[in-house]
Each structure stands twice: as structure tokens, then as C-alpha cells.
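Engineer: Quick one, what's the 3D model for this:
(chains A and B)
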Amino acid sequence: MSSTEQGTSSAAPAEPTTAPESAAAPEVPESFYYVHGKDKVVHKVSAGALQHSALIHGMISNLGYTEEQAKANPFPFENIDGDILQMVVDWCNQHKGKPTPPEDTNLPKQKEKLFDLVLAVNYLEIKELLTYCCKQVAMMVKGKSPEEIREIWMIPTDAEDEAAEKEAKKRAGKEAAGETAAAAGDAK
Amino acid sequence: MSSIIEMPVLVMEKIIEFSDFKAVLTLRQVCRDFRNFIDVLRDSKLPDSAIKAIVIVSDYEEDDSKITMDFLFSDNHFDSFEYSEMEHSRTFETKENPERRTTTDLGDSNIVDVAIRDLEWILKFQKSDLNGSYFYFDDFRLHNDSSIYTLPIKVSNMLNVSGRKIKTRELSITTYNKSNNIMSVLPFADSETLTSLDLIPLEEGIIIIDEIAEIAKTEQWKATKELKCDFCLMNLNVEDICHFSRMKIKIPSITARDLDFLKKTYISSSKFVHAFFDLGCFNDIEEISDLWGPAFTPGLSKHFWYFRRKNSDEKVLRIEFYRNIEAFIFEIVESKDVPNGAVIHDYNGN
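Structural biologist: Okay, the predicted model is just below:
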């Protein structure tokens, strides 16, 4: 596993800042966990920020890791692209311990990224962020015609879809035939 | 890179929830995956259409009979569908943007079936109450070659099969003297929402409905607070109409006994406000004067009576009879508005 350790983005410092009210309260050191995506780049994230993700929160709530143990065992999310995981980590940091605003204008505008983000957020069970993302996806096609929606969301027509399916079946059939022929050849 | 088609069900449901209802209907046309997904979604997962009023009209014209369906939304925008029998087409127009008028050739499809299907889809998205629903069924009895005469029965079948109630405060049905057309819609109004019922004959004059008993049996009739019926109702039982707090009806005549029953009901009711009885004729003025005492007569053709109500001193029941128009009017009025010389009869619930 690669261990290119990174802090979180500069916009959202990962190190805990001392909040004024915590000065009077008994000092409880904030714990940190480590996550990485498909690109193996490890992100250090505070338990407070990770609370947004019901999945991760569930995983860490009973672990009781020491800092060293956490560092040695980053959570692998191989199904999430590195840049998408970075966006998720940034969002969690920015909204750590804060009430979430009714709209989030910082979501990616490119649909490819947005769809990937939706899948990651759904997987990580980040409820508020999922709501913002779904709103944004819905807004993309408001007032559009079916043809325009197909273009915006890159959806093939039923005819194109059927043709692609046929082609795929044909290819599968050919491959199967090839394998059978190869097997027959082997048998000889 | 991911595609929208790969989205899990929960995510797609959320996306649908945040779309407006027109976008959802458009999504159905994008591809079969969306269509299949939306068609099996529970109504509770669909967004509210925010429609405030619907107007459904069948209109016979010699050169082209039509069905029109108009929808008024809470933001006051207005959409209209027109189904032309002659052109075999559906034209959609949004009044704010008439340039976006689109016409679809309906091919071999029956235009009534297409209209009903569209209506069914639009009603699927109705969550908030409608202020009003207005049905206008033209007289196609002599024009059976037009398929549009089937509109009322097909509306009824669709509502019956879908188990859907129209949540409307006001329901208005205009038709010829056929109670079937009233019964094709009335039983499908949500009785908890319905407050006002308006039954209007297509033509002027005395148009008779002689099968009122069936209509009066519906829970909608019983739940409605206001009735305006311009049909002449035959064989009416006054017990079927005494619950309306506001009412205007036409009946051929009324007996003194029935009038007295209504008087007793209204003086005991806290909800009654106004009732207008448009009568063909009334000949029991002597009998009613025996029952209620002599009338206060401010004019030759006017007979007024005043009665105290149960638990109320400020307001009284005024009953007016106008000989010239053969009409009885029952109304709750302020006690202070009773003219000098008129007697206010004490409350007597019996």
C-alpha cells in the first residue's frame, strides 16, 4: 500500500483548532482516522468531521484506536476515486460540527464528477451531502425536453441501447464459440 | 466515470423527489429504464404537482369535437392540453410561454384514452388540495360517432380502477339532464376535502334530474357544506338537503310540512347560514301561516317570519317568501336588523 500521506486541503485544515469555548471545558484530545481511495492517497480526518458519514462513524465508534493504530490502519475505499474522496473529506471538514446550510453551492458542476460524488456519498451514507447532490442532479434537467435530458445525462436512446445490447450479446456469443473451439482444439 | 443509470434506487428516488412533476413526466420519455422505474414508484415518492384547479371540458363542434384539460398551478401559471378528434392530435400549451406550443400526432390511439391517461398521470402528483375541479360534459347524445361521448364513463373507470380520490374543495359539474354524468365524478371527490358542490345544466330553462336519490346517497353529498344546483330536482327528500349550511336549489314545489321541518332544523343548527329554494309554484301559504303564525308583510308579494335560534340571542332565522318569484329564502340575520312591527317567535325545537 502506498503511504503518500497528505493532510486535508488547505481550505479545511485537518489539525484541530482550539475553539474558544473548549478552553473552559476539560481538554479532550480529538482523535483522527485515516482514509484512502482508489489512488491510495491517505487523508487524515478528525472523528468529528467523519461523523457526517454514518458508515465511517459506525466503523470507528467502537474501535478505540490509538493514534498509531489508526495511522497503521487507514480505511480503504477502493471503489472511490481519489479526487472524489478528497471532495468528500473537504466537505466533511468544512461542515464539522456546524449546522448544514440549506443549499450547498460548492458542489462540482461537471456532471461526470457529480455522478461519481453521488455514488461515493451514498456509499459513505452522508445524508445532507447526498440531499444537496440529488437536488443538483435534479436541477440539471429542470425544464428540459427528453432529447435535451438524454444529452445532458448522456443516456442512449432505447434504440441505441438495444443495438448496444445486441452487439454485446453477439460478442459474448462469438467469444463463447471461440472458447469452445479452443477447448476442442486442446482436446485434440 | 459514472452514469445516471447506475444510480442506486434510493438515490434515484431522491432525485425524483427534488424534480418538479413535469420533469418527472419528461423523464418517463427519456428511456425505458426511467419509465419502468417511475411507473412502479409509490405515489408518496413523487413530487407534488402544486396544481390549484383543473378544468376538464368535452366540447361538441360540427367540424371538430375536442377535449380540453386546463391546469392552474399555485404560482398562477397555467397549462392547457387540447385533444382534437379531427386532427387526432394533442396540443400542449403553457399560457406563460405560448411559443412553446407543441402538437403531437396521436396516430391510431383513441383521443379519449390518451386524455384519460394524461389525466391519470397528472392526478398521481396531486398532494395538496385543489381549490376547484370543474367538469363540463357536452351533450353528445346525437353524436355517437364521436368517441368523446365516452369521456364521463372513462373518467369514472379510471378513477375507480386507480382508487384515487380527487382532493378538491369545490366540485362543479356541468352536464345535460343525466345524473350518470354527475355520478361519474362525484363519488370520486375526496369527501373530507369537499366543501362545495355546484351542479349546472348545459342549457337554460327547467332541466330536470329525477334520480337525485342516488346522488344524495353518496358520502360526498352528505359531507358537502355548500350546494348550488340549477337543475330542477324531482322527488327530493328534504332530509337529504337539510345539512347544507349554504344552498341554492330548484324544486317543483315544497309542502308546508317540509318547510316546517327545515325551519326546525335551521333554528337548532349552529352551522346554517343561507338557503334559497327556487320553486315552480307554492300554494300552501295559508297552511304555513297556520303553522308559523301570521307573516310580517312589508309588501304585497313578500311574507317574512322571524324565529329565535337555540342558544343565540344576537342572531335569528329569517324566512322570506316572495310570491312574485315563487321563492323561499332562509337566512341567519342579526336580531337588530329585524324591522319594527315584526314578531320574533320564541325558540321552540318541537
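Engineer: Could you confirm whether any residue of the lengthiest helix in chain A contacts chain B?
Structural biologist: For chain A, the helix with the greatest residue count under DSSP state H is helix A:158-187. Yes: Helix A:158-187 reaches chain B (C-beta under 8 Å from any C-beta of the partner chain) through A:158, A:161. Every residue, glycine included, has its C-beta placed from N, CA and C.
Engineer: how is chain A carved up into domains?
Structural biologist: Using automatic domain parsing, the domain parsing of chain A gives A:5-15+A:26-155, A:157-188.
Engineer: Which among those is found nearest to residue B:62?
Structural biologist: domain A:5-15+A:26-155 (35.7 Å; C-beta to C-beta).
Engineer: Name the residue of the stretch 51-200 of chain B that lies nearest to chain A.
Structural biologist: residue B:102 (9.2 Å; C-beta to the nearest C-beta).
Engineer: Phi, psi for the closest residue to residue B:95 other than its chain neighbours please.
Structural biologist: In space, residue B:95 comes closest to residue B:78 once its chain neighbours are excluded; the distance is 4.0 Å by C-beta to C-beta, 6 or more residues apart in numbering or on different chains. Main-chain dihedrals, residue B:78, degrees, to the nearest 10: phi -140, psi 120.
Engineer: which bits of chain A sit near chain B?
Structural biologist: Going by C-beta under 8 Å from any C-beta, the residues of chain A near chain B are A:112, A:115-116, A:118-119, A:122, A:130-131, A:134-135, A:137-139, A:141-146, A:149-150, A:153-158, A:161.
Engineer: Narrow those residues to those in helices?
Structural biologist: Reading helices off the residues of chain A next to chain B with DSSP H, I get A:112, A:115-116, A:118-119, A:122, A:130-131, A:134-135, A:137-139, A:146, A:149-150, A:153, A:158, A:161.
Engineer: Which among these count as buried?
Structural biologist: A:115-116, A:118-119, A:122, A:130-131, A:134-135, A:137-138, A:146, A:149-150, A:153 (16 or more other C-beta atoms under 10 Å in any protein chain shown).
Engineer: related to what we said a few turns ago, name the stretch from the domains of chain A where average model confidence is lowest.
Structural biologist: Of all those, the minimum mean pLDDT falls on domain A:157-188 (a mean of 75).
Engineer: What residues of that one count as buried?
Structural biologist: So for domain A:157-188, nothing qualifies as buried (16+ other C-beta under 10 Å).
Engineer: ok, the residue sitting nearest the centre point of chain A - contacts?
Structural biologist: Centrality entry for chain A: nearest residue to the mean C-alpha point is residue A:120, 2.7 Å, by C-alpha atoms, centre = their mean. Taking C-beta atoms under 8 Å, 6 or more residues apart in numbering or on different chains, we find residue A:120 in contact with A:77, A:79, A:80, A:81, A:84, A:85, A:88.
Engineer: Give me the angle between the helix or strand that residue B:36 is a member of and helix A:146-153.
Structural biologist: Applying DSSP states H and E as the criterion places residue B:36 in helix B:32-39. On the basis of axes from the mean of the first three to the mean of the last three C-alpha atoms, to 10 degrees, helix B:32-39 is oriented at 110 degrees to helix A:146-153.
Engineer: Please export the C-alpha coordinates of helix B:32-39 as CSV.
Structural biologist: Taking C-alpha atoms only, helix B:32-39 is exported to CSV below (Å, rounded to 0.1, in the frame of the first residue of the first chain):
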residue,chain,number,x,y,z
ARG,B,32,-37.3,2.7,-20.8
ASP,B,33,-35.2,2.4,-17.6
PHE,B,34,-36.6,5.6,-16.3
ARG,B,35,-40.1,4.8,-17.5
ASN,B,36,-40.0,1.4,-15.8
PHE,B,37,-38.6,3.0,-12.6
ILE,B,38,-41.1,5.8,-12.4
ASP,B,39,-44.1,3.6,-13.3
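Engineer: Write out the residues of chain B neighbouring chain A.
Structural biologist: So chain B meets chain A at B:1-8, B:10-11, B:14-20, B:22-23, B:26-27, B:29-32 (C-beta under 8 Å from any C-beta).
Engineer: So among these, which ones count as buried?
Structural biologist: Looks like those have B:2, B:4-5, B:7, B:11, B:14-20, B:22-23, B:26-27, B:30-31 buried, using 16+ other C-beta under 10 Å.
Engineer: which ones among those residues are found in strands?
Structural biologist: Per DSSP state E, strands hold no members of these.
Engineer: can you tell me which of those are in helices?
Structural biologist: B:11, B:14, B:15, B:16, B:17, B:22, B:23, B:26, B:27.
Engineer: before we move on, the earlier item: quick one: residues contacting the residue nearest to residue B:95.
Structural biologist: Taking C-beta under 8 Å, 6+ apart as the test, what residue B:78 contacts is B:70, B:71, B:72, B:94, B:95, B:96.
Engineer: State the three-state secondary structure for residue B:180.
Structural biologist: Under DSSP: H, G, I helix; E, B strand; the rest coil, residue B:180 falls in the helix class.
Engineer: do you know how far it is from residue B:68?
Structural biologist: Distance of residue B:180 to residue B:68, computed by C-beta to C-beta, to the nearest Å: 22 Å.
Engineer: again, but for residue B:238
Structural biologist: Counting by C-beta to C-beta, the gap from residue B:238 to residue B:68 is 38 Å.
Engineer: do residue B:285 as well
Structural biologist: From residue B:285 to residue B:68 the distance is 48 Å (C-beta to C-beta).
Engineer: ditto for residue B:61
Structural biologist: 12 Å.
Engineer: Can you pick out the residue with more neighbours from the two?
Structural biologist: Per other C-beta atoms under 10 Å in any protein chain shown, whichever of residue B:61 and residue B:68 has more neighbours is residue B:68, with 17 against 13.
Engineer: Then the more buried one would be within a helix, right?
Structural biologist: No: read with three-state DSSP, residue B:68 is strand and lies in no helix.
Engineer: Give me the three-state assignment for the nearest residue to residue B:186 once chain neighbours are set aside.
Structural biologist: Of all residues not flanking residue B:186 in the chain, residue B:220 sits nearest, at 5.3 Å (C-beta to C-beta, 6+ apart). At residue B:220 the chain is in helix, as set by three-state DSSP.
Engineer: hey, what's the most centrally placed residue in chain B bridged with?
Structural biologist: Centroid check for chain B by C-alpha atoms, centre = their mean gives residue B:171 as the closest residue, at 1.7 Å. Residue B:171 has these beta-bridge partners by DSSP bridges: residue B:133, residue B:197.
Engineer: For it, list the residues it contacts.
Structural biologist: Applying C-beta under 8 Å, 6+ apart, the residues contacting residue B:171 are B:132, B:133, B:135, B:185, B:186, B:189, B:194, B:196, B:197, B:198, B:220.
Engineer: Using JSON lines, please lay out those together with distance to residue B:322.
Structural biologist: Below are the contacts of residue B:171 laid out as JSON lines (distance: C-beta to C-beta, whole Å):
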{"residue": "B:132", "distance to residue B:322": "31"}
{"residue": "B:133", "distance to residue B:322": "34"}
{"residue": "B:135", "distance to residue B:322": "33"}
{"residue": "B:185", "distance to residue B:322": "34"}
{"residue": "B:186", "distance to residue B:322": "31"}
{"residue": "B:189", "distance to residue B:322": "33"}
{"residue": "B:194", "distance to residue B:322": "31"}
{"residue": "B:196", "distance to residue B:322": "25"}
{"residue": "B:197", "distance to residue B:322": "25"}
{"residue": "B:198", "distance to residue B:322": "23"}
{"residue": "B:220", "distance to residue B:322": "31"}
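Engineer: Confirm that residue A:98 sits in a helix.
Structural biologist: No: using three-state DSSP, the assignment for residue A:98 is coil, not a helix.
Engineer: hang on, the earlier thing: kindly indicate the member of the contacts of residue B:171 with the most neighbours.
Structural biologist: residue B:189 (27 neighbours).
Engineer: Check the spacing between that one and residue B:14 real quick.
Structural biologist: 33 Å.
Engineer: Give me the contacts around stretch B:199-208.
Structural biologist: B:138-139, B:172-177, B:182, B:209, B:227-234, B:250, B:280.
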